[in-house]
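A.B. asks: my questions are about this predicted structure, shown below with the sequence.
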Amino acid sequence: MMNQRVRTMMEESVLPPLVALVVALVAGDLLIMAYGQAPGVVWRTLLEGTWGNSYGFGQVLYKATTLTCTGLAVAVGLRAGLFNIGAEGQLAAGGFGAAVVGLMLPAGTPWLIAVTLCVLAAALAGGAVGSVPGILRARFGAHEVIITIMLNFVVLALLNYLVSAKLHVPETLHTPEIHAGAVPRLSSAFAAFHGSAANWTIVIVLLAAALVWGFLFRTRAGYELRAVGLQSDAAEYAGIRSGRVWFNALTMSGALAGLGGINFVLGYKNYYEDGFTGGAGFLGIAVALIGRNNPVGVVLAALFFATLSQGGLAINAMVPKQIVEVLQGIVILAVATAVPEVRRLLRGSMQRRKASS
Amino acid sequence: MNDSAPAIRLTAIDKHFGAVHANRGASLVVRDGEIHALVGENGAGKSTLMKILSGMMPTDSGTIEVHGRDVTGWDTSEAIDAGVGMVHQHFMLVPTLTVAENVVLGREPVSAGRFDRVRAVRDVESLCKQSGLDVPADRLVADLSVGEAQRVEILKLLYRGARVLLLDEPTAVLSPPEVAELWKVLRRLRDGGATIVLITHKLDEVMAVSENVTVMRAGATVEQMRTRDTSPEKIAKAMVGRDVDLTVRAGRSASDPTASAALDVRHLVVRGARVDRAVHDVSFRVAPGEILGIAGVEGNGQTELLEAIAGIRAVTSGEILLGAADITNRSVHTRGEAGLSHIPEDRHRRGLILDYSIADNLIFGQQHQFTSNGILLRDAILDHARSRIIEYDIRPTDPSLPARALSGGNQQKIVIAREMGRAFDVLLAAQPTRGVDVGAIEFIHAEIRKARDAGKAVLLVSAELKEVLTLSDRIGVMYGGRLVAMFSRAEASEEVIGPFMTGAKRELVA
């Protein structure tokens, strides 16, 4: 009985994304053949260029780190019934916050203190951006989708101004290098990762994912947050203040997205550069969707999208790398449509199986 | 008595939902042109069986025959084409469209490629006249009473040519005069040749309108009998599988008249969704050890009254006192701590988080008591759930199942277990037995009496006049947002209270 339920749960949560993946693969096959290439060869190249060598794998880990943060950000919002589309701006703000603190600290600041302060700054900056739609939603009932979308433009333009007018290194659009708070590359411990951007931020981010899981499923605040997201009328009946939950959820969401900024700023370049986010905030929506708003799922989905993104570079010589962007789109569409459908079929077949047994 | 094939013959129907076995070899035979009652406890599989018959879901095994034709595996549109249609407990109407537009929706009369509104209204009006279902065809559905909306649902089926009507607990939302009206309509439809299956768990309804009764228990058909050869006791026994006490016990107040009120409501005014004064200057007191019942047709301010006392709806003016404490503007949480317990009228919307487990639902609203430093105490929550599940006989018994997987009666037991299993002084019970089977009703009523006998004050709001009369020590009647009458149990009866419910009489209670 217990095992049966565990199996059912696994089938329901694991099988649908896999089906979506297969659909995307078939669509990818057709696309690749349209370019006159052999799908098998292209896929093998893609895998070899990502999971097949340590540099490529390092790049996948690097990209997955940022995507995990933005994915977690969107997932936490959705668990509270809110759609945060502002992860892009929050991610940029987090990176900027980390850079500013890193610049302000004197060069000799002890490593642990410097990193802690920079990480906090990133979360605070992202959280501050997230708190704006949080307040507007809780106080005035303003729709968070509109506010978060529009706030992306405000934040990105503001940061662009600050960097280009106040903080930039001449002839560039990035700040000077930070004095303290840099996070070492993974290659400092594992020589094989040499040259890749992968850095120890990944540990901080995995820790954050674990904390988010614990928060959602093991704390009272998480219990109340999910209740608001599932049935706000019932939450009201139970004395849960939805406004406060909304504010907390969006602030937390922003902080998680902001945390992603340290991956680039502290772990990779050691400076803030205008436009470093490159759409990772928006891709976080897809990561949360495929990851089913579960922190474990988000980490896996982030790895998947990071693989696609890095793999695009590997297969660029054979097919245009934009093909992976098409694939991303197909995966998202496939998940959005196939998941409910697969689950329906699954239920049907399970019932038949039981009936015949 | 009829040598032609029966209107409906279901044989050996089996249906699973995941781990739940909803129908186990259920069967049903309904003769042409009869009103057939399908009764059983909640979770007995009545609705599932009817959904299978109406094509809403496929059966796992077994056969469905309609008028002798094997139609196993058909879908709703095929069922409608064959004249089989279902009226659901939850209405499926578009509130922003008129009655006529709702009725013709999907089969609109068309002239010159455009929707022929005039003809739609004419068709629906003549259908109203013909069937005796009286609804103004040009009114917006949003402005209809519940009883009228239900008539629109029936009209929709008749418009599509339905000859076999399946009604799922149609009286759950109706006042006594509306119920009487419905019986008239159903009899008239039957006399016109229609076949009607009535899902219900109210035995007086079975006795009042049906010719034959089929009783279901635990997914299987246990008995089929002729109504005039049986009795409510026999049906109840078949439903529950044991003897059931159906006698109405007069309320015996345990209250001490000198005691101060446990709940004191003074000149309460509450704004509603569409009216400024959904509750209009209402005052009353409930003493410890007393059940005050509020009777009234739904939508006369009872919902707003209870929500205001519970702290979910803002009070415009007036005062609410819990014991000596003024809680008029206190949070839901504070009220709960002060001893207020609340069984909400809509368990799906407010009372439960359907996707949460039984265990998590059993602490809903009291989660702070199962927390240490912000961390949920999983073991305490599970232990609490296990003991409540046994004590309140919640089935299935696995605390990790989502509330969604339970039948309505068992879902309500979760709410009852949670709200009555904790420390409280005042209980607000809104429609505590709505959509709940006989066995569970008996149980819930006993729990409410037990609370009263233990010195709790109970404010009971129910659309079931019988329930109010059965349980209450005093009975107030609400009409148009006002408390229009107050009776002691001895003075009250359906005949006395009826006219006040419809607004025909009033004696404003100060």
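C.D. replies: Arrived safely. Numbering: from 1, shown residues only, chains lettered A, B, ... in the order given.
A.B. asks: spell out which parts of the stretch 201-350 of chain B neighbour chain A.
C.D. replies: B:Ala310, B:Gly311, B:Ile312, B:Ser331, B:Val332, B:His333, B:Arg335, B:Gly336, B:His342, B:Pro344, B:Arg349, B:Arg350 (C-beta under 8 Å from any C-beta of the partner chain). Where C-beta positions appear, they are placed from N, C-alpha and C, glycine not excepted.
A.B. asks: now intersect the residues you listed with the strands, please.
C.D. replies: Counted as lying in strands by DSSP state E, out of those, are B:His342.
A.B. asks: I'd like the residues of the stretch 201-350 of chain B next to chain A laid out as JSON lines, including distance to A:Val203, neighbour count and pLDDT.
C.D. replies: Listed next are these as JSON lines, based on distance: C-beta to C-beta, whole Å; neighbours: other C-beta atoms under 10 Å in any protein chain shown; pLDDT from 0 to 100:
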{"residue": "B:Ala310", "distance to A:Val203": "47", "neighbour count": "23", "pLDDT": "96"}
{"residue": "B:Gly311", "distance to A:Val203": "46", "neighbour count": "24", "pLDDT": "95"}
{"residue": "B:Ile312", "distance to A:Val203": "45", "neighbour count": "19", "pLDDT": "94"}
{"residue": "B:Ser331", "distance to A:Val203": "41", "neighbour count": "12", "pLDDT": "94"}
{"residue": "B:Val332", "distance to A:Val203": "42", "neighbour count": "19", "pLDDT": "94"}
{"residue": "B:His333", "distance to A:Val203": "39", "neighbour count": "16", "pLDDT": "93"}
{"residue": "B:Arg335", "distance to A:Val203": "46", "neighbour count": "23", "pLDDT": "95"}
{"residue": "B:Gly336", "distance to A:Val203": "43", "neighbour count": "24", "pLDDT": "94"}
{"residue": "B:His342", "distance to A:Val203": "47", "neighbour count": "29", "pLDDT": "96"}
{"residue": "B:Pro344", "distance to A:Val203": "46", "neighbour count": "26", "pLDDT": "95"}
{"residue": "B:Arg349", "distance to A:Val203": "44", "neighbour count": "15", "pLDDT": "90"}
{"residue": "B:Arg350", "distance to A:Val203": "43", "neighbour count": "23", "pLDDT": "94"}
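A.B. asks: out of the residues of the stretch 201-350 of chain B next to chain A, who's nearest A:Gly28?
C.D. replies: Comparing those against A:Gly28 with C-beta to C-beta picks out B:Arg349 as the nearest, at 44.3 Å.
A.B. asks: the closest one contacts A:Ser232, correct?
C.D. replies: No: the criterion here is C-beta atoms under 8 Å, and B:Arg349 misses it with A:Ser232 at 9.9 Å.
A.B. asks: show me the helices in chain A, by range?
C.D. replies: A:2-34, A:39-50, A:54-79, A:87-104, A:111-140, A:144-162, A:201-218, A:220-230, A:232-237, A:242-259, A:261-264, A:280-290, A:295-314, A:322-356 (DSSP state H).
A.B. asks: deepest of these, which one?
C.D. replies: The highest mean neighbour count among the helices of chain A, using mean count of other C-beta atoms under 10 Å in any protein chain shown, belongs to helix A:261-264: a mean of 32.
A.B. asks: wait, what's in contact with the residue of the stretch 201-350 of chain A found nearest chain B?
C.D. replies: For the stretch 201-350 of chain A, the residue closest to chain B is A:Gly239, as judged by C-beta to the nearest C-beta, at 3.3 Å. With contact set as C-beta atoms under 8 Å, 6 or more residues apart in numbering or on different chains, A:Gly239 has these partners: B:Gly311, B:Ser331, B:Val332, B:His333, B:Arg335, B:Gly336, B:Gly365.
A.B. asks: dihedrals phi and psi, B:Leu268?
C.D. replies: phi -80, psi 130 (degrees, to the nearest 10).
A.B. asks: isn't it right next to B:Ala314, touching?
C.D. replies: No: here B:Leu268 does not reach B:Ala314: they are 11.6 Å apart, not a contact under C-beta under 8 Å.
A.B. asks: what touches both of those two?
C.D. replies: The contact lists of B:Leu268 and B:Ala314 share B:Ala308, where a contact means C-beta under 8 Å, 6+ apart.
A.B. asks: those two: which is more packed in?
C.D. replies: Between B:Leu268 and B:Ala314, counting by other C-beta atoms under 10 Å in any protein chain shown, B:Leu268 is the more crowded of the two (24 against 11).
A.B. asks: does the residue nearest to the more buried one when sequence neighbours are not counted count as helix, strand or coil?
C.D. replies: In space, and not counting its chain neighbours, B:Leu268 is closest to B:Gly318: 3.7 Å by C-beta to C-beta, 6 or more residues apart in numbering or on different chains. Secondary structure, DSSP: H, G, I helix; E, B strand; the rest coil: B:Gly318 is strand.
A.B. asks: so what's B:Gly318 up against?
C.D. replies: B:Val265, B:Arg266, B:His267, B:Leu268, B:Val269, B:Asp281, B:Val282, B:Ser283, B:Thr328.
A.B. asks: circling back: tabulate the helices of chain A (JSON lines), appending mean pLDDT and distance to B:Pro170.
C.D. replies: Formatted as JSON lines, the helices of chain A follow (pLDDT from 0 to 100; distance: least, C-beta to C-beta, whole Å):
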{"stretch": "helix A:2-34", "mean pLDDT": "76", "distance to B:Pro170": "35"}
{"stretch": "helix A:39-50", "mean pLDDT": "92", "distance to B:Pro170": "59"}
{"stretch": "helix A:54-79", "mean pLDDT": "96", "distance to B:Pro170": "38"}
{"stretch": "helix A:87-104", "mean pLDDT": "97", "distance to B:Pro170": "49"}
{"stretch": "helix A:111-140", "mean pLDDT": "96", "distance to B:Pro170": "41"}
{"stretch": "helix A:144-162", "mean pLDDT": "96", "distance to B:Pro170": "40"}
{"stretch": "helix A:201-218", "mean pLDDT": "97", "distance to B:Pro170": "42"}
{"stretch": "helix A:220-230", "mean pLDDT": "96", "distance to B:Pro170": "30"}
{"stretch": "helix A:232-237", "mean pLDDT": "94", "distance to B:Pro170": "26"}
{"stretch": "helix A:242-259", "mean pLDDT": "97", "distance to B:Pro170": "35"}
{"stretch": "helix A:261-264", "mean pLDDT": "96", "distance to B:Pro170": "60"}
{"stretch": "helix A:280-290", "mean pLDDT": "92", "distance to B:Pro170": "41"}
{"stretch": "helix A:295-314", "mean pLDDT": "93", "distance to B:Pro170": "44"}
{"stretch": "helix A:322-356", "mean pLDDT": "69", "distance to B:Pro170": "29"}
